[in-house]
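> Return a 3D structure for these sequence lines:
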Amino acid sequence: PLDTAIKVESIDQLNSMLTKRKWEPEKLIGMFTNDVTMLRFSANKQSENILTDIKQKNETEGMGNYKIKGTKIELINFSHCPNCQKIFSYKDLQQYYLYPKVIQGIHKNTIFRKDTRVNCPDCQTWFLPALIISDGSPKNQTQFLCRTQTLDAIEEYFLESQKLVLGRDKKNKIVSSNGLRSIRNDLDYKKLQLKPTLLVNFIQYTPWDLTLDFLASENLTKEQPVFGAWYPK
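Numbers count the residues shown, from 1 in each chain. Sure thing, here's the model as predicted:
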């Protein structure tokens, strides 16, 4: 739950918490209603030490991370199989979401759009990858989503309040002067603040110039493509 504080005093305890997630009952497909696990760190030396340990493991294991330009905000990858401890780099995760494991009886397109877990090729364990949002001290752990999953989850979230956004609204389908197609970004970032996982995942795929417009709400008056991407018809 978002209002549940978890006292984390060491990186070993953090690893233990992440490991236990593989035993928690969860739906096979579509886990966006509980997509945020809050980790509340105190502003003290101990929290700084935990962050240092996380960054060191990230660097030593080559996990990879993402820094939002013009800010101190970093998305630090901290993903490893909770069963065999196999390291999954940022690049490994992106590659997996391009070619997710097919689950018998479930259409591949459904898996591609909705299954946010990763299957370890070494021991076949399913688990949720972890990103740590940091602006100098750990803030919260978020679920890693690929581009398609990000859009799908945001559309589903707004649909709960009877609002059509992005690709759900036919008016958002746009065509460039040279005939390329895309989806207009009609999101109000303030309405995504209660869903930090979705907001952070959306920002991480958005070029910085468009992110500045997005955070200034200028995308609401401009015809800007989602993620700045255009595709052939």
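
> Doesn't residue 121 belong to a helix?
No. Residue 121 is assigned coil when assessed by DSSP: H, G, I helix; E, B strand; the rest coil, not a helix.

> For it, give me the pLDDT.
With respect to pLDDT, residue 121 has a value of 92.

> likewise residue 35?
pLDDT, residue 35: 47.

> got the residue ranges for the strands in this structure?
36-37, 65-67, 74-77, 118-119, 126-127, 131-134, 138-142, 173-175, 181-183 (DSSP state E).

> Show me which residues of the second one are buried.
By that I understand strand 65-67. For strand 65-67, burial by neighbour count (16 or more other C-beta atoms under 10 Å) applies to residue 65. For every residue, glycine as well, the C-beta is placed using N, CA and C.

> Give me the helices and strands touching it, please.
With contacts taken as 3 or more C-beta pairs under 8 Å, 6 or more residues apart in numbering; DSSP states H and E, strand 65-67 sits against strand 74-77.

> Partner strands of the strand it packs on, with direction?
Sheet pairing here is set by DSSP bridges, and for strand 74-77 it gives strand 65-67 (antiparallel), strand 131-134 (antiparallel).

> Which of those strands sits closest to residue 153?
Ranking these by proximity to residue 153 (C-beta to C-beta) places strand 131-134 first, at 14.7 Å.

> Spatially central, which residue of this structure would that be?
The residue lying closest to the centre of the chain (C-alpha atoms, centre = their mean) is residue 144, at 3.4 Å.

> From residue 151, how far off is residue 188?
Between residue 188 and residue 151 the computed distance is 16 Å (C-beta to C-beta, to the nearest Å).

> who has more neighbours, those two?
Between residue 188 and residue 151, counted using other C-beta atoms under 10 Å, the more crowded position is residue 151 (23 against 14).

> Distance check, the closest residue to that one other than its chain neighbours against residue 16.
Excluding the flanking residues, the one nearest residue 151 by C-beta to C-beta, 6 or more residues apart in numbering is residue 166, at 5.7 Å. As for residue 166, its distance to residue 16 is 37 Å (criterion: C-beta to C-beta).

> Show me where the protein dips below the pLDDT cut-off.
The chain contains residues with pLDDT under 70 at 1-8, 20-44, 68-72, 136-137, 139-140.

> Tell me which stretches of this protein form helices.
11-20, 45-60, 90-98, 108-114, 147-159, 196-204, 208-215 (DSSP state H).
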